[in-house]
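In: Just the structure for this:
(chains A and B)
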Protein chains: 2
Amino acid sequence: MKTPLTTWVPGAAGSHFDVDNLPYGVFSQPGEEPRVGVRVGDFVLDLAPVAAAEMLDVHHVFEERSLNALMAEGRTVRESVRRWVTGLLTEDPERDLVEPHLVPLTDVTLHLPVEVADYVDFYASEHHATNVGRIFRPDGEALLPNWKHLPVGYHGRAGTVVASGTPVVRPTGQRPGGGFGPSARLDVEAELGFVVGTASELGTPVPYHAFADHVFGVVGLNDWSARDIQAWEYVPLGPFLGKSFATSVSPWVTPIEALDAAWVDLPGQDPEPLPYLGPGETKGLDIDVEIVVNGDVISRPPYRTMYWSPAQMLAHLTVNGASVRTGDLYGSGTISGPEPDQRGSLLEIGWGEETAFLADGDEVTLRYTAPGTGGGRIALGDVTGRVEPARG
Amino acid sequence: MKTPLTTWVPGAAGSHFDVDNLPYGVFSQPGEEPRVGVRVGDFVLDLAPVAAAEMLDVHHVFEERSLNALMAEGRTVRESVRRWVTGLLTEDPERDLVEPHLVPLTDVTLHLPVEVADYVDFYASEHHATNVGRIFRPDGEALLPNWKHLPVGYHGRAGTVVASGTPVVRPTGQRPGGGFGPSARLDVEAELGFVVGTASELGTPVPYHAFADHVFGVVGLNDWSARDIQAWEYVPLGPFLGKSFATSVSPWVTPIEALDAAWVDLPGQDPEPLPYLGPGETKGLDIDVEIVVNGDVISRPPYRTMYWSPAQMLAHLTVNGASVRTGDLYGSGTISGPEPDQRGSLLEIGWGEETAFLADGDEVTLRYTAPGTGGGRIALGDVTGRVEPARG
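Out: A predicted model of the protein is given here:
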């Protein structure tokens, strides 16, 4: 095991945002344009001026309003930049240069970190899919015939992916039977999101073992869902307006390298999946999630209990030749563990009861932690949102 | 009725690309960057140098690689630019300035005209939905319970929308029961696509009567489909890999104003839709489509037979508060008329027979014409693509 590096940044050592984390985000200060920063402790390091002073050849990517230019540089640059930032924050000779560019988190506004290209949502938790099947089809098989053969997924709306903190207006729409009004079954889905950095070519699948060549990092993700709108519309072409009003993501994108200590074997797959899905190599992430409603933790879904792996989802998404682009985002689907207190949606937590869903004014926060490479734990960015009443 | 304007452009008067058409596209000449042009007759007018010479205040939008900057300017600018271009091509004093910037179509490469933001696909033809229902559920009701209450739709993959002429690689994937290989049921869907110019705000629906404030124009659209992949994957979350490998659009975006003479009453809606869908005001477009396979016209779907209108689809897409962005594209769904020779997909034309689908090397072209404001007919851009064998 490597000796953990020690940072000189006040308060950062031993925190959830120590130098084994270093997630990227987009921040602004009053009167200034948004630009790229990295979080350490309770500070944002303003990367653009430091990179310019050190004559880094990719310094321009930090002057952008999203991480897309940085992410498009590819895996080698991603790893080099991470080593450079780690050096800045751990080596004393750098302190004089760097310290003036540490901005307290309380002084900044955080923005949507990624210009989202395509957004895909999977359905990769067996416990979630089974719970939903039991709730909606109590007399049938809980899992549909295709579920264990492929990671079921669909496209969502990229244009309504919003940054954590953005209020969520209760959606209005058609309900079962053709009624109309504000959704009475507004729900959350606690998910993990994967952000693509390196694009691929149309017509050429991304193999499962190339996951880390293409995926830049992960975000926390709340796939807000209006269950009544969804129930009426989704046969036969899938969820549409029941999901498209808002999807919230964390302001920080945690690079894949920060999760090196978090990989674990997933529970196992039976039947064995097809070769393009890398049978026997299904590694997941040991990320603990907390769902917090109005300050109370109501559930603790464990990501290590998922059925389909992140690499399998990417391999499946592209097996037909579909290309990925810088900024593509794919969600895991609701994370639900086997226990009742590990469910990732209010639909499951309340087992379909009307009273379980969100009221106007409710505030939901998703929190995520994982083992860090320094021996402690790191956090992903929180994903929070408050429900506003329906308009009009 | 207005007296039709007469153009001085050689061969354009009386053609399908007379001055009552004037669609926009993105073109390039060898060694030059792609930029915005307008089609007249068999020429592309290179707008950037003309606009610069005439000191048009929006001249920079023509120097872009997509129409998005032009489209984002909004309806008033769209209408002004159209009047300006019409003047350039009809008034003799302009001829000396303009003629050097007319480039023969044979000398240019045409590109994807729009940087697609979100792509949504509807299912708005009653005849298509009924045919599909009868083929897949011969013993059930042909139409599902929600179909006449709302325009059923779903999100597709924006990143694999390609320009007409791009080869389509036969997709590989899982088939019913978990088999794997190249799709044996590769199909076309003849659709009309609507391109959004003016964005809307998150949380605020676009009313049906604001259609022309937001929609810039229309494209021809082929939503290539792998029926075997789709059949296995689509329950319960809808089509995914069966569609995401390629969606082809015409290189020309026909502005809404060019279709002023094409609006017709649609067949009628029963039950009466909800108020947000503008009951009794369902105007469609009298656009004739031809599906041409290897040079033979195999079907002639009429767009005037659609059930849901373009304005209803936009109102539905946003009723939950979802925003639209410049570059959003929504497709009508397969256009099928009531007669057997008016079907918009090979699935319907062959009524599910395996032999009806596309073979490697097949070339499909969709052609579209509509009444023009000049008394004749105008054409949308053709949408063409040749099937290449599966890879790997």
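
In: now the farthest one out in chain A, which residue is it?
Out: Residue farthest from the centre of chain A, counting by C-alpha atoms, centre = their mean, is residue A:93 at 35.2 Å.

In: which SS state does that one fall under?
Out: helix (DSSP: H, G, I helix; E, B strand; the rest coil).

In: same thing with residue A:391?
Out: State at residue A:391, reduced to three classes by three-state DSSP: coil.

In: residues in contact with whatever residue of the stretch 151-300 of chain A ends up closest to chain B?
Out: As assessed by C-beta to the nearest C-beta, chain B sits closest to residue A:238 within the stretch 151-300 of chain A, at 2.2 Å. (Glycine included, C-beta is placed from N, CA and C.) Residues in contact with residue A:238 (C-beta atoms under 8 Å, 6 or more residues apart in numbering or on different chains) are A:154, B:154, B:234, B:236, B:237, B:238, B:239.

In: Could you report the pLDDT at it?
Out: With respect to pLDDT, residue A:238 has a value of 96.

In: and if you look at residue A:22?
Out: Taking residue A:22 on its own, its pLDDT is 98.

In: next one: residue A:1
Out: Listed pLDDT for residue A:1 reads 46.

In: now do residue A:307
Out: Note on residue A:307: pLDDT of 98.

In: neighbours around it, how many?
Out: A count of nearby residues for residue A:307, using other C-beta atoms under 10 Å in any protein chain shown, gives 24.

In: And chain A, split by domain according to the record?
Out: What automatic domain parsing lists as the domains of chain A is A:24-111, A:119-388.

In: all helices of the stretch 1-150 of chain A, in order?
Out: A:47-53, A:68-72, A:75-90, A:95-98, A:126-136 (DSSP state H, counting those that start in this stretch).

In: just the helices in the stretch 151-300 of chain A please.
Out: Going by DSSP H, counting those that start in this stretch, the stretch 151-300 of chain A shows helices at A:211-214, A:227-233.

In: Could you say which of the ones you listed is packed most deeply?
Out: Of all the helices of the stretch 151-300 of chain A, helix A:227-233 has the most neighbours on average by mean count of other C-beta atoms under 10 Å in any protein chain shown, namely a mean of 23.

In: Might you list the low-confidence residue ranges for chain A?
Out: Filtered on pLDDT under 70, chain A yields the residue ranges A:1-3.

In: how about 80 then?
Out: Residues of chain A meeting the criterion pLDDT under 80: A:1-4, A:392.

In: Show me what from the stretch 151-300 of chain A comes close to chain B.
Out: A:152-160, A:162, A:169, A:171-174, A:178, A:180, A:202-205, A:226, A:229, A:232-242, A:244-246, A:271, A:274, A:276 (C-beta under 8 Å from any C-beta of the partner chain).

In: among the residues you listed, which ones are buried?
Out: Neighbour-count burial (16 or more other C-beta atoms under 10 Å in any protein chain shown) applied to those gives A:152-160, A:162, A:169, A:171-174, A:202-203, A:205, A:226, A:229, A:232-234, A:236-242, A:244-246, A:274, A:276.

In: what ranges do the strands span in the stretch 51-200 of chain A?
Out: Taking DSSP state E, counting those that start in this stretch, the strands of the stretch 51-200 of chain A run over residues A:102-104, A:109-111, A:119-122, A:153-156, A:161-163, A:168-169, A:172-175, A:179-182, A:186-187, A:190-196.

In: Okay, now the sheet partners of the longest one, with direction.
Out: Read it as strand A:190-196. strand A:215-222 (antiparallel), strand A:329-331 (antiparallel) (DSSP bridges).

In: Check the second one too.
Out: For strand A:109-111, the paired strands and their directions (DSSP bridges) are strand A:24-28 (antiparallel).

In: residues in contact with the partner strand?
Out: Taking C-beta under 8 Å, 6+ apart as the rule, strand A:24-28 contacts A:34-39, A:44, A:46, A:65-67, A:70, A:103, A:108-113, A:217, A:251-253, A:255, A:381.

In: rerun at 6 Å
Out: A:34, A:37-38, A:44, A:67, A:108-111, A:113, A:251-253 (C-beta atoms under 6 Å, 6 or more residues apart in numbering or on different chains).

In: pretty sure residue A:51 is touching residue A:63, no?
Out: No. With contact taken as C-beta atoms under 6 Å, residue A:51 and residue A:63 are classed as non-touching, separated by 8.9 Å.

In: The two: which is more packed in?
Out: Between residue A:51 and residue A:63, counted using other C-beta under 10 Å, residue A:51 has the larger neighbour count: 23 against 16.

In: I'd like the distance between the more buried one and residue A:29.
Out: 18 Å (C-beta to C-beta, to the nearest Å).

In: Residue A:381 too?
Out: From residue A:381 to residue A:29 the distance is 19 Å (C-beta to C-beta).

In: more neighbours, these two?
Out: Here residue A:381 and residue A:29 are compared on neighbour count by other C-beta under 10 Å; more neighbours surround residue A:381, at 24 against 14.

In: residues touching the more buried one, list them.
Out: Per C-beta under 6 Å, 6+ apart, neighbours of residue A:381: A:220, A:250, A:251, A:252.

In: The strand or helix carrying residue A:316 and chain B, any residue contact?
Out: Element membership for residue A:316 (DSSP states H and E) is helix A:310-318. No. Using C-beta under 6 Å from any C-beta of the partner chain, helix A:310-318 stays clear of chain B, coming no nearer than 7.5 Å.

In: Now do that helix: which elements does it pack against?
Out: Helices and strands touching helix A:310-318, by 3 or more C-beta pairs under 6 Å, 6 or more residues apart in numbering or on different chains; DSSP states H and E: there are none.
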